[in-house]
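In: Model the structure of this input:
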Amino acid sequence: MRAKKSSAGFARRPVTGIAGMAGAARRRAAALLLCLLPLAAALAPPARANDVAGDWRCVRTDTRGTVHQCVMRLSVDSENRIEGRIEWTLLRSPNLDDRAKLGLAGTERIRGRVTGPESLFFEGYAEDDPEGVVALDKYPMQLSPGGEWMFGRTESGGTWTAQFYATRE
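Out: Numbering: from 1, shown residues only. Predicted structure coming up:
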């Protein structure tokens, strides 16, 4: 079979793939692809889900000057749900009432979900905090491409001005 030249003088190649199929066959192949793509997307877990599980060292700061240090332990199940805990220690506070709490610790229990290849969301739902060091918060996080660190802004009472940064322990 000899390739014909187009009006621009270039040789046209025979068309292959779905575009080269006859009408009914092309429609069936296209319908099959359209049916399989959502199924494939629903079954495929986010690429970084396993990178989230484990122990992390964290720092949370806000615009008022409050600084917390923490250790966070996360687990991720087969459906990309996150469960964990954050053990907070208050390092610095501009609030005079908090001065007696410097160095004290409390625990925030968290749960959430891996929401994408490099993103996750978790939030506090319970606390073990007899000293009043912890406030339950919401954490939309971005995971680094290699999974070594995560960062994001936290709700911080509705202001979204606190910053949270965590690295692998």
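In: For the rest of this, base every contact and every neighbour count on C-alpha atoms.
Out: Fine.
In: Helices of this structure, start to end?
Out: If DSSP state H is used as the criterion, the helices of the chain fall at 23-43, 49-52.
In: tell me the mean pLDDT over the shortest one?
Out: Confidence for helix 49-52, expressed as mean pLDDT, is 71.
In: What is the burial count for V59?
Out: As a burial measure, V59 scores 18 neighbours (other CA atoms under 10 Å).
In: Quick check: the gap between it and R92.
Out: Between V59 and R92 the distance is 11 Å, computed by CA to CA, to the nearest Å.
In: Select from the helices of the chain the stretch with the lowest mean pLDDT.
Out: helix 23-43 (a mean of 56).
In: just to revisit the earlier point, if I look at V59 and R92, which residues touch both of them?
Out: Taking CA atoms under 8 Å, 6 or more residues apart in numbering as the contact rule, V59 and R92 both touch 67-68.
In: who touches A135 in this structure?
Out: For A135, the contact set (CA under 8 Å, 6+ apart) comprises E108.
In: and what of D51?
Out: Residues counted as contacts of D51 (CA under 8 Å, 6+ apart) are G147.
In: low-confidence ranges in the protein?
Out: 1-50 (pLDDT under 70).
In: hmm, 50 instead?
Out: The model of the chain has pLDDT under 50 over residues 6, 10, 15-18, 37, 40-42, 44-47.
In: Nearest residue to M72 in space, ignoring adjacent ones along the chain?
Out: The shortest distance from M72 to any non-neighbouring residue, by CA to CA, 6 or more residues apart in numbering, is to I86 (4.3 Å).
In: Please read the previous query as pertaining to L136.
Out: G124 is the one closest to L136 (CA to CA, 6+ apart), at 4.8 Å.
In: wouldn't the one you found be in contact with R111 here?
Out: Yes - the pair G124 and R111 passes the contact test of CA atoms under 8 Å, sitting 6.7 Å apart.
In: Just the terminal-to-terminal distance for stretch 111-130.
Out: Termini of stretch 111-130 sit 21 Å apart (CA to CA).
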